[in-house]
Every structure is written in C-alpha cells, then in structure tokens.
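Participant: Could you look at this predicted model? Sequence included:
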Amino acid sequence: MNFLNATLIFGGIGVAIPIVIHLLSRRRPQRVIFPSIGLLKPKASLSQSRVRIKKWWLLALRIAALIFLALALAQPIIQTSLTSTSILISLLVLCGLSMLLLASLSVLRQMDRKLILGLTATACILLLGGIVWGIVSLIAGPTVTLNQNNPRAVVIFIDNGPTSAWLDQQGERLQQMKTHCEAFIQQLPASSQICVIDRATKNASFTIDQKNALTRIRQLDVVQSALPINQQLKTALQALETSKLDNHQILLLSDLTKHTWEPLLQSDEIQLSNSSGKVKFTIFDLGDFRGPNWGISLPRLADPSPPVGTPSPVMVSVFNETTDQSRDASITAELDIFTDQPGFPMARNGEVVFPKAEPVDRKSAQVKKGEQQEVLLNIPALPVGKHHGRIRIISDDAMPLDNTRYFSLNVLPPSNVLLVSNTPAASKVVANAIGVSSSLGTGSEYVTDLISYQDLPIVRMSQYEVVVLIDPPSNRQVNGLCDAYLKNGGQMLVSLGSRITMESDNSPWLSTEAIRWRSPEPGTFLQPIDIQHPTLRTLTENVPWGDHRIQQYWKLNPETSDNILIKYAGTDHPAVIERSIGGPSKSTSAQGRMILFTTPFPAISNDNKSWNQLFGSNAWPAWLLCRQTIEYLSQRVTTGADAVVGRSFAFQLQNEKKSNDDIQGFLFEPELDNPTPILGLKGGNYLRIREVSTAGTYWIRGKELKTGFSANLAENATRSRRIDISLLQEIFGTEEYDLIDNFENISFTETANKTYLPLHAPAILLVSIFFILEQIVGNRFYRGGSKSIDN
Amino acid sequence: MPNSLSPESLQQIQRLDLKARMVIRGFLQGLHSSPLHGFSVQFSEHRRYNRGDDPKLIDWLAYAKTDKYFVKRFEAETNLTGYLVMDLSKSMGFTQNQSMTKFEYCTCLAASLTYLMTMQQDPVGLLACSDQVRGLLPARSRRGHIGEVLGQLNQLEPSGATDLPNCLTQIAAMLKHHSLVMLLTDLLPSSDNEGQPEEVISALSRLRHGGHDVIVFHVLDEAEVQFPYEGPVEFEDSESGQTVTVDASGLREQYRQDLEDFRSKYREGCDRLRIDYVPLDTSMPFDKALTEYLIQRTNRF
C-alpha cells in the first residue's frame, strides 16, 4: 500500500475531535426538577441503554468518517494482486459490523442476555480477524513504488504532413513542433529512451542519447507523401515494445486535420491495440490554423492530348480559405509552360538544372472568404511532343503547398482514319462526329478518307490507324483484308447492318454465329456495362439513352475473351463488344483491336433506317460514343496522366524509335539533386514508382527518350479543416490519453505499475456513508440541549 | 377575548382581585349570547297532587276550574354552594418557562370562579389539601367574602406532599349540603403507593355519593404536556427528590403517550361518576375553565 498524497494522512489526527466531544458529553447531564417523574421511571433504564449505545455508535461513526476522509485525501493505492484479499477482508468486516448492529438492537429490545453476549463476541472476533488480516496482507504483500524520476521510453511522433508547412505568426508549424519537442526532451528524466518518428518513418528505433534525438528532430522536414497516421501509431507502439523500461509514453504533436485523422476514424480497427494499458498517449494539439490561405485545385485539361497547332483550355478552381479576418482576396493565377530546351534538365556541378518556365497566361479573380471561383486559362498551340506546365498563385499566404499545381499534356500528330461505307451520308456523319475541331477551324485530330467497299481492295489499309466499317457486306475479299489488317495490329470499328449475312463461310475475324433480332415496340435502348472503359467515360450518368430506341440488331454469342461494353436494356444481348485479335506474343508485334456495334451506326441508309434512331434528333450521346470510340482506337486517350503524391504510379515508356533495346535514361525528380537511372526497362514497359514523394514535374530523359509526367498533392491534403477533439476518445479510449496545448500541463504519471488499484473512490464512498449514518444516528444529539432546558 | 384571558397577559397584573375581575368581565363580554336562564322565580308546570305534598303548594284556582288538586311547580331558586379545593402539593409550584406556576394558575382560576359565583350571589368556600384537609373559609355569599377568599388564596403556598384521596374522603364527610366541589389539582401521585388514579377516583366517588357535584380542573404545566427537553437530562422529582436520567428526545413520544393514558384514566373515571373532568395546562386561557363551571351550573338547574 502506498499513498499519492502521503502527507494528507496526518488529517487522521482529526479523530481527536469526536473523542474530545465524546469525553465532554460524558459530564453529568443537566438536572431538571420535574413533577411528573412517575411517568418517566418505567422507561428510564431502557432510555439509558439506548443513549449509551447511541453514543458509542456515534463515536465509532465519527472516528471512521474522519479516518476514511484522511485516507481518501491521501489517495491510497494497493497492488491489484491484493484485490481479492481486500474484498474478502471487507466482507469479514461487514459481517462483524452487522453482528454488532444486531447486538445493539438486542440490547435495545431487552432480549436474552446470552444472545447479546454471543452476538457481541462473534462481532468482535470477525472485526478483529478482518483488521489483523488486513494489516498483515498490507505489510507482507507487494508494495507500490512511486517515483516520477524513473527513466521512461518515449516515442516522439511529429505529424509533419503537408499542413505542417502552415506559416502563422509564430512561424512554420513544423518549426514550432521542433521547439516544443526540444523543450520536452530537456524535461525527460536522465537515461530515458527516445524514439523520434514522423510521417515518413517506416522503421522506428530508439536513439542512442538525447543529443541524437535532438539532431534527428532538427533534420525533419515537411513530408508531402505522408504515411497514414494509424500505421505510424502502430510503428510507435511496436518501437515501445522493444524497450525494457517500464514506463512507456507516446508524445504525438499534431494539428489534428481532417485529412490526416478521418481515415483513422473511419477504419474498422479504430481502437489502437494498447491492450496492456502500459502506454500513455499525450497528444499535443497545435491549435486552430490562423492566417490567410488561398490555393488552387487540381487543373482540369480540356484535352490532355490536343492536336497540333490548337490552343487548349485548362480550368482550375481558386479558393480563399482565410480563417482569421473577413476579407475578399484578389487572386492572380499564372500559367507557365516549361520551355523545351534541348539537353535540359541536366545534372551540372552536383545540381540539377531544370528547364525554365515561361508564363503564357494570367488571370485574376476576386474570391470571397470561404468560397471558390473557376478560372479558365489557355495553353497556346504547341508542337508535337510531351509538354509540362504549372499553374501558380502569385502571392504569399500561410500554406505554400497549395499555391502551385502541375500538369502534362501530350500533343499528338493527326491520326488517319479510313471510313468505309456504301452510304456516303453515313460516312459523313461519322467524319463530322470525329472532326468537330476541324469544323471549328482549328487543327484537326484526324485525317479522314471516305471510300466504298468496292474501293477497299485498292487501298493500303496499313497506313490508317483506324478503319471504320459501316454496314459491311458478306464479302470474302473484304473479310480477308480486314482479317489481315487486324492481325497486323490494326484498329477497327465495325457496325453491323442489313447487308451482312451471318453464314458459315464468314470470316474468321467475325467468327460468330448471329441471329437478326427484332425488339418489340417501342424497342430497346443501350445500357452501358463497362462504365470504366474510355469509350464511355462521359456517358455513364444522366444520358438519355431511353430516348434513342433500337428496334433491330444482331444477336451475337460473344466469345469468352470479348469485353462487352454496352448491352441492350432488358436483355443479355451485347450491343457493343471489344475484341482483341492477335497479340504481342506473336511475330506481329502490335495487338489488333476491334469494336463491334451489333446495330447499324449510324443507321441512315434506306435499308437500315428502321433498325434504330441513335442518330435521330438530339443525338449527342451517339456522337460522343462514336467520337470516343475512335479516340480510343486511335490511342489519343491518355488516362492517369498525372500522379498523386503519396500514391504509386506507373508510367508507360515509349522510346521514339520503338526499338526493343533496353532504355537508357534518367528520371529527374523535383527537389532532388541527383537523377535516378532507369535500368532494365524496354520500350512499352511501365516505369513504376512505388510512392510519389513530391509534387512537381518528373522529367524522363535519355537516348531516344523525351517524356515525363506531373505529380500533385491531393486537394484535401493541404486543407486546414480540423476534426472534433472529442473524436479522439473513439481512437484512444477515454482514459488512455492526455490532450494538452501547453507543455506545462504535461503529465509524467507512472504507467508501468498500472497494476495498482486506487482506493480513492471507495474511501470517498465510505466517508459519505459514514456521514449519512452519523446524521441519522446523531439525531441532533449534541445540539440544542442546553437551549431548551432551563432550570 | 382569548388574548386578554391568556395566562401570559394576566400575569402582568399583580393584584388577584383585579385579575379575577379582568377574567370575569372579559369572559362575560364573550358570553352575551349565552342562554343564562333558570335562576329567576317563575312558574314551571302543574303536577297532580300526591300524598305527602305540602298542601300549601296546591293551586286553588286550578282546583276551582278542574275540581282536581294540582300542585304548582316553580323553577328552583336555591343558591349553589361552591367549594374551591386547592391542591397544596409541592409539585403544584412547578413552572418550566418561569411565567406562571401551576399553583398560580389555579389561584387565578379559583379567584375568577369566586368572583363569578359571588356576582351570582352564590356562597363560595375555600378548602386546601395537603397531608389533610385544611378548612380555610366557610361558604358565604356576602360581598365582603370575596376579599377574604382572595386574601386566603394569596397566602397559600405549595409545599410538601398531598394525600389527595384522603383529603377528598374527608371533604365528603365534612360537607352537609349538596355543593359544587371544584377541585384544582395536578392529580400527580405523591409516591409510588399513594395518590394513584384508582384511589383518587374512588375518593371522588364518595363525594358523588354524598350528592355533591364535582368539577376536576386537572392543571399541568405546559412543559409537562409538551415535554420539550432534548438529549440526556436528569429529572428530579419535586416532592420525593428521586432522580432519573433519560434521553429526553428519544423518550418524548413515549412520555406523551403515557401522559395521555394518565389523563384518559381520569377522564373515564370521571365520566363514569358524572364528574366534569377539565384537563388544562398553564398555557391555556381561563375561559375554558369558566365555561366548564357554567355548563356545570346549567346542568344542575
């Protein structure tokens, strides 16, 4: 047994007060001359016994109340191993007290003297037994040692995520955290073990000494690709498990942003595995974000692969997140394009010199506090090739990381498309659908040739990137040409109509048995299935497919390797199928690909008119589908062009000559002084980056290699919204953590011997019970006697 | 009226005759609507003549009319002879709040009754009980008598023990005419063996059998009724000197119950003997006692 406030045990001297009162009250009672004494005599002896018993009980209750009050204030603690013993002792004492109470009642009721003696003796034995047993177990049992200067194992976890770059009046938040940590380390008892981890640490270990820990803290920098906080907390707990010291503490300095903490709240394993209860969490809250902040969202390029000679717009949202003062901000966004300087970037004198960025557009916007505004900037016409740029805000604010966003775009030469149809009008519809840009007078993405099926044999199909067959006939020569084209890696869009006959002598490239299918009135409509497919990227939501009915189509039995993109609503019949033909394993290098429409597309010839109304009035879905399908086949769609900081990224390398030799090149990462060599990769292979660390432009340069990509921080990563502090209880439990905002409040409470049991609460409960009983038994015993008795 | 008749207000008046006059005037003012009849000489009824009736009482006019003998009956016109019997036991000298002892209360009450009866031309006598009866004044109705009674009352002092049953027996033997005996006492037994309720009631029955009307004014101190003591108190008997230590707070309820039983015992005994039993304590106004006296007179006539 031990006491947290041992000096207060001297409060127990207060038991002298009731004893003195008891002795004083033993003086002769006041004498009163009374005529009616005859009425009092019979009850006198009983009354005297009652008075005596009451006095003793009162004295006992008052002494007990004062002793337990002194004990409660001294906050006693015992080893938990003694819990069961203490319960048994309590029961014994309780039985003794009950017996004593019964004995008192027996006296008052003037019961048998033997019974009274028996009860009193049993009570005394039980009470004595309980008290002796208690004293023996406290003396002989394990003791609780309390020493605040014991060395401890401490993990200092600095949340140096992107928001720690926030600048306020006290300076950068990360710098503030470092200062606090240094002060904390000074306070730690000597020979404590310290482990410093941050949002980038993967393997934690204790430092050799305090100096080492201080050095480690000073080296920390803002981490853009921060690891999840729950993973880091587990790392911290694992580090503590390796310590042999008894007292374990985790000091977590964080700004408690939603982006950092919400994933932890939403995860299933919300409670940290601190099952032993040995670890004390101390969370230092850096407080609210104060100061002006405006930033820009991720850029949205109208076309990541624009045609040559065409300016392309880029849209960004500019937001004003100022917290402390209510004012509007005039925010100027500038669009810079990195110049295509030959040989740049290059490593020179141990540094990397990057290409210069030249401003090409600038816009200003008045943004109210807490709002955002769209800003449209124009990328000028650029030559063929990969280009990189950035959009930045020209002003200083508290959070610099959201002021610049990066983008890349790939300017491609126009693609050749061959449109084959016996109905020139149908070919023109398709040509118009894919040639919108040219019709507006700007550079076109496609060069289209329109021919009929009779002319197909005399055309060199291999010079076209995409061949579109509209309502092809069952012609053996055509079949053969198409088969050959596909096997050589050709890309083909085929829409079946009334001219084809599905018979056994069909070509191998269309080796599918089919039935001409009529849908009952009012007809069916298209229902997209593979909504992730690039051909359907803008056609998945709010598209009025039901307005464009389809009455007839070819019911095909798709092959197992076919990818069904669209089916007919209410049926399992495929409407649009993607089929790969040949492959890289064969002698012919490239993979042929065919997208097959099972209904005429467009159906505007006299034979096909009754098949569908896809190109009827308000036919924008069909136009978009047509355009995106050809865009996909001509490989002008670039998906996942920009990387996100903190995530993995795969980038397909294409060397200019498309040779099969190993690529010789370097990856120039932003803010890195040395380029990283690219080893063991061939053209067409993917360069995989496990974790993108910094926002910026990543340049890939080498022999026959001139490409790169851009990386941006996630928009939420730099937002200053904080979680509700009460939610920390869900993570750490109600009693396992201290939340402080000042190091004067830090607690070094022992956690090692948390095997002790505090007896403060039971002692307070007993004091209350004793005082209540004293009031009941007392019944104004010492009060008012002299006032009412007058001689 | 009750305020002016309260013991506290009367205690401020020193002279007993003034006290008595104050009580009676205030009391009569309060009773102006009370039916006070039966004192005057007036015809009541005719009754057939029976043998043994005084022939002087025959109404000859009625005989002339009816040829039968009728006797005229009149409302009685006799005076009421009252005897005030004062208990002189030491316990009567007890007061707890130092305002008015039981004996002073009884004296004041006796003076008031004397005054009232003298005003009605009724003769009043005064007897005192200690270990035996002390006949102090014979019953007279002349005006000067009131002064003598009040003078005697002033001189009386409670001391020693009283043998009440014995005194009452003696009084029953002493009184020749039918009288109204007004006993003013606390009825407390003088010892464990003497003065128990049964003996007192037995003695009272002798008075009744003697043809006397009896009113018992059972006067107790307010403290004896309320028992306002707290905590451990040592009580000493005022007559015997015996002491008893009790927890007064714990015993209060029991004491009150016992006192009520004590009073009930007397009330039942008196009811049985058709004696008026008036329980009083020194905090009660005097009109209650006087009302009892008048009711007694009304019932008598």
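Facilitator: Happy to help now that I have it.
Participant: quick one: residue B:49 and residue B:73 touch, right?
Facilitator: No - the criterion here is C-beta atoms under 8 Å, and residue B:49 misses it with residue B:73 at 11.4 Å. All C-beta atoms are positioned from the backbone trio N, CA, C, and that covers glycine.
Participant: Nearest the geometric middle of chain B, what residue?
Facilitator: residue B:182 (2.8 Å; C-alpha atoms, centre = their mean).
Participant: can you pull the pLDDT of the spatially closest residue to residue A:287 that is not a sequence neighbour?
Facilitator: In space, and not counting its chain neighbours, residue A:287 is closest to residue A:741: 6.1 Å by C-beta to C-beta, 6 or more residues apart in numbering or on different chains. On pLDDT, residue A:741 comes in at 79.
Participant: ok, now which ones touch the residue of the stretch 51-200 of chain A found nearest chain B?
Facilitator: Chain B sits closest to residue A:51 of the stretch 51-200 of chain A, with a gap of 4.2 Å, by C-beta to the nearest C-beta. Taking C-beta atoms under 8 Å, 6 or more residues apart in numbering or on different chains, we find residue A:51 in contact with B:232, B:246, B:247, B:250.
Participant: wait, is residue A:315 part of a strand?
Facilitator: Yes - counting by DSSP: H, G, I helix; E, B strand; the rest coil, residue A:315 is part of a strand.
Participant: Run through the bridge partners of it.
Facilitator: Bridge pairing for residue A:315 (DSSP bridges) gives the partners residue A:300, residue A:376.
Participant: How many residues are close by it?
Facilitator: By other C-beta atoms under 10 Å in any protein chain shown, the residues close to residue A:315 number 14.
Participant: just residue B:280 next, same as before
Facilitator: 22.
Participant: what's the model's confidence in stretch A:312-324, averaged?
Facilitator: 82.
Participant: no wait, stretch B:287-294
Facilitator: Stretch B:287-294 shows an average pLDDT of 73 in the prediction.
Participant: just to revisit the earlier point, need the pLDDT of the residue nearest to the centre of chain B.
Facilitator: Note for residue B:182: predicted pLDDT of 90.
Participant: and if you look at the one 3 residues further on?
Facilitator: In this prediction, residue B:185 carries a pLDDT score of 91.
Participant: any idea what sits nearest the closest residue to chain A within the stretch 51-200 of chain B, other than its immediate chain neighbours?
Facilitator: Residue nearest to chain A within the stretch 51-200 of chain B: residue B:91 (3.4 Å; C-beta to the nearest C-beta). Among residues not flanking residue B:91 along the chain, residue A:35 sits closest, at 3.4 Å (C-beta to C-beta, 6+ apart).
Participant: from memory that neighbour sits against residue B:238, does it?
Facilitator: Yes - between residue A:35 and residue B:238 there is a contact at 4.9 Å, judged by C-beta under 8 Å.
Participant: So between these two, which is more surrounded?
Facilitator: A side-by-side neighbour count of residue A:35 and residue B:238, using other C-beta under 10 Å, places residue A:35 first with 24 against 20.
Participant: Now for the contacts of residue A:51: which two are most distant?
Facilitator: B:232 and B:250 (9.6 Å; C-beta to C-beta).
Participant: So those two - more neighbours on which side?
Facilitator: More neighbours surround residue B:232 than the other of residue B:232 and residue B:250, with 23 against 18 (other C-beta under 10 Å).
Participant: residue contacts, that one?
Facilitator: With C-beta under 8 Å, 6+ apart, residue B:232 has these contacts: A:29, A:51, A:785, B:245, B:246, B:247, B:248.
Participant: Do you know the pLDDT at the third one?
Facilitator: So the one you mean is residue A:785. Residue A:785 is assigned 41 on the pLDDT scale.
Participant: just the fifth one next, same as before
Facilitator: Residue-level confidence at residue B:246 comes out at 80, pLDDT.
Participant: that older thread, can you list residues touching both of residue A:35 and residue B:238?
Facilitator: Common contact partners of residue A:35 and residue B:238 (C-beta under 8 Å, 6+ apart): B:91, B:94.
Participant: quick one: the residue at minimal distance from the centre of chain A from chain B, how far?
Facilitator: Central residue of chain A (C-alpha atoms, centre = their mean): residue A:263, 2.6 Å from the mean position. Distance, residue A:263 to chain B, using C-beta to the nearest C-beta, to the nearest Å: 70 Å.
Participant: same question, residue A:287
Facilitator: In terms of C-beta to the nearest C-beta, residue A:287 sits 63 Å off from chain B.
Participant: Run the chain-centre distance for the helix or strand hosting residue B:137.
Facilitator: Element membership for residue B:137, per DSSP states H and E: strand B:133-140. Relative to its chain's centre, strand B:133-140 lies at 15 Å (C-alpha atoms, centre = their mean, to the nearest Å).
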